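Undergrad: below are the sequence and a predicted model for it; my questions follow.
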Amino acid sequence: METWAQHGTVAIYLALAAGCIFDPSGIAPYDATLEASPDVPLVVSDARDSHTPDVPAPDLSEPDADLCAPRTRQISFVTAKVAGGPHADFPLLVSCSGAYLRTKALGGGINHASGHDISFSADLAGSQRLDHEVELFDGTKGELVAWVRVPSLTSSTSLYMHYGDCTITSSQQNAHGVWTAGFKGVWHLNEAMTDESQAGKHQDSTSNNLTCAQDGNDDKAGMVAHGQDFDGDDTIGCGKNKIPNLTHHTITAWVKLDLSAAEGKVQGVVVDVETSDPWPGVALYVQQSNGAFGHFVSVWRLSKTNKVTSGKWTYLAIRGYRHPSAGYLDVSMDGSPWESLHTGSTTDLAIGASSPLRIGSYSGTAHHAQGVIDEVRIAGVARTASWIKTEYNNQSDPSAFHVVGPETP
């Protein structure tokens, strides 16, 4: 039978770095009782023996420089997805996921649990910071949904995302700075709600701070992060005199509507109109019978080419604008070219109203939406077709719109 003695001597070193316990004098090692095999000479070396490995205690006074160093990734755009341009102060959706977006405690690169160390810039060095707003950050799953103001968006534009700097402990967001390109109100509708409650609030991301109030709606998975679900008698009220008398306007929203189950003949998506003919104001309705959408200007002005499909996410846009002698009303669906609905006198298209602004119904008691509404925006600008197309491309499939490059130190 082989014995351990045939293979050499076992030496056990009791070193401080390995957890050796010393007596108060700091000299003699802890006296442990070890049972040796009778066939094997057991050698216990003193911790002061010259053969003891020198393992210095780690210096924990300063964080590891590599763990604290900022990391950077370039974000570039797919040429075919940016229509026209340049688009000034374009609010770009950056939606991405990956292990690098987990917190460092979970093996990722994000230092702060709330993602405060995330920022964006127009240059690699990070000196030309860009305003951004974080709609969602999950450091456990590694997910980020953010809006970044790009000063001049073209197909050749690049920007940079920075993260990982452990010296940053507060948020670097500037939501108001993102929504400067003529926006009068921007509601992400991402807030968590209690169904059928009236206690919730929906924040406006512009500097106008047009906070809106829940009235029965509930949060649900949206097109971008979360949206709000309307079950046929809900509404979001924003109060009176919120939208000024505009000579131009554009309303956009993502909708996923059930056109078979609501009361009335139309569903109100975004409405701020007077209650007398020709019903002036800003508004976006969807007709239940065939999915046509538009606005009421003396009579219903509804789309003929573009129709909303029940139960499908759809990007709707409507714009109104006035010139000295005429007014115009156009609509677009999923980034399509503008479809003209109306050309008439400026009195037929008086844009702006003093009545309450609502999302999800006409008056709070009629023409309610049935389904989910997300990312509602009102701008005091008649957007170009290329702007609307670029918004649709960016928001409908962010991963096909932008490319996030490899990490650089």
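TA: Sure thing, it's come through.

Undergrad: could you list the low-pLDDT ranges of this protein?
TA: For the chain, applying pLDDT under 70 flags the ranges 1-66, 245, 262-264, 274-280, 324, 345-354, 364.

Undergrad: 80 instead?
TA: 1-67, 241-247, 261-264, 273-282, 297-299, 322-326, 344-355, 363-365, 409 (pLDDT under 80).

Undergrad: that one: helices as residue ranges?
TA: All helices of the chain, identified by DSSP state H, fall at 65-68, 175-178, 385-396, 398-401.

Undergrad: packing partners for the last one?
TA: Meaning helix 398-401. strand 87-97, helix 385-396 (3 or more C-beta pairs under 8 Å, 6 or more residues apart in numbering; DSSP states H and E). (Glycine included, C-beta is placed from N, CA and C.)

Undergrad: so which residues make contact with stretch 86-99?
TA: The contact list for stretch 86-99 (C-beta atoms under 8 Å, 6 or more residues apart in numbering) reads 75, 107-108, 120, 141-154, 159, 161, 178-181, 224, 386-387, 390, 394-395, 398-399, 401-402, 404.

Undergrad: just the buried members of those?
TA: Buried subset of these (neighbour count, 16 or more other C-beta atoms under 10 Å): 75, 108, 120, 142-150, 153, 159, 161, 178-179, 224, 387, 390, 394-395, 398, 401-402, 404.

Undergrad: count the neighbours of residue 237 for me.
TA: By the criterion of other C-beta atoms under 10 Å, residue 237 has 18 neighbours.

Undergrad: OK, contacts around it?
TA: By C-beta under 8 Å, 6+ apart, residue 237 lies in contact with 212-213, 215, 356-358, 364.

Undergrad: farthest pair in those?
TA: 215 and 357 (13.0 Å; C-beta to C-beta).

Undergrad: the two: which has the busier surroundings?
TA: Comparing residue 215 with residue 357 by other C-beta under 10 Å, the one with more neighbours is residue 357, at 25 against 20.

Undergrad: need the contact list for the more buried one.
TA: 185, 210, 212, 237-240, 242-243, 270-272.

Undergrad: go again using 10 Å as the cut-off
TA: By C-beta atoms under 10 Å, 6 or more residues apart in numbering, residue 357 lies in contact with 184-185, 210, 212, 236-243, 270-273, 281-283, 378.

Undergrad: for residue 144, same thing?
TA: 94-98, 100-101, 110, 115, 118, 134-138, 161, 163, 404.

Undergrad: ok, now with 8 Å
TA: Residues in contact with residue 144 (C-beta under 8 Å, 6+ apart) are 94-97, 101, 115, 118, 134, 136-138.

Undergrad: so it bridges to which residues?
TA: residue 96, residue 137 (DSSP bridges).

Undergrad: so what sits opposite residue 149 in the bridge?
TA: Under the criterion used (DSSP bridges), residue 149 bridges to residue 91.

Undergrad: the one 4 residues further on too?
TA: The residues paired with residue 153 through beta bridges, assigned by DSSP bridges, are residue 87.

Undergrad: can you tell me how far it sits from residue 205?
TA: Going from residue 153 to residue 205 by C-beta to C-beta, to the nearest Å gives 19 Å.

Undergrad: for residue 170, same thing?
TA: 19 Å.

Undergrad: tell me which of those two has more neighbours.
TA: residue 205 (21 against 9).

Undergrad: report the contact partners of residue 118.
TA: 110, 132, 134, 137, 144, 146, 161-163, 172 are the contacts of residue 118 under C-beta under 8 Å, 6+ apart.

Undergrad: can you list these in TSV and add distance to residue 306?
TA: Shown next, in TSV, are the contacts of residue 118 (distance: C-beta to C-beta, whole Å):
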residue	distance to residue 306
110	41
132	32
134	33
137	35
144	32
146	30
161	35
162	40
163	40
172	40
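
Undergrad: most neighbours, which of those residues?
TA: Counting by other C-beta under 10 Å, top hit in the contacts of residue 118: residue 161 with 26 neighbours.

Undergrad: isn't that residue right up against residue 72?
TA: Yes. Using C-beta atoms under 8 Å, residue 161 is in contact with residue 72, at 7.0 Å.

Undergrad: could you list the domains of this protein?
TA: As given by automatic domain parsing, the domain ranges for the chain are 4-45, 66-175, 183-391.

Undergrad: between the contacts of residue 144, which is closest to residue 247?
TA: Distances from residue 247 to the contacts of residue 144, taken by C-beta to C-beta, are shortest for residue 94, at 32.7 Å.

Undergrad: and the closest one, how many neighbours?
TA: 22.

Undergrad: ditto for residue 156
TA: 11.

Undergrad: picking up where we left off before, right, and the domains of the chain - which one's nearest residue 409?
TA: Judging the domains of the chain by C-beta to C-beta, what sits closest to residue 409 is domain 66-175, at 5.9 Å.

Undergrad: so what's residue 291 up against?
TA: So residue 291 contacts 259, 307-310 (C-beta under 8 Å, 6+ apart).

Undergrad: same list (these) but as CSV, adding distance to residue 368 and neighbour count.
TA: What follows is these, written out as CSV (distance: C-beta to C-beta, whole Å; neighbours: other C-beta atoms under 10 Å):
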residue, distance to residue 368, neighbour count
259, 13, 20
307, 20, 16
308, 16, 24
309, 20, 12
310, 15, 16
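
Undergrad: related to what we said a few turns ago, restricted to buried residues, select the contacts of residue 357 in PyMOL.
TA: In PyMOL, this line selects whichever of those come out buried by 16+ other C-beta under 10 Å:
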select buried, resi 184+185+210+212+236+237+238+242+243+270+271+272+273+281+282+283+378
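
Undergrad: now, the contacts of residue 357 that are in strands?
TA: 184-185, 212, 236-237, 270-273, 281-283, 378 (DSSP state E).

Undergrad: rewinding a little: output the helices of the chain as TSV; include the columns distance to residue 330.
TA: TSV is the format used below for the helices of the chain (distance: least, C-beta to C-beta, whole Å):
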stretch	distance to residue 330
helix 65-68	52
helix 175-178	26
helix 385-396	9
helix 398-401	24
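
Undergrad: just checking, residue 216 touches residue 194?
TA: No. Between residue 216 and residue 194 there is no contact under C-beta under 8 Å: 10.0 Å.
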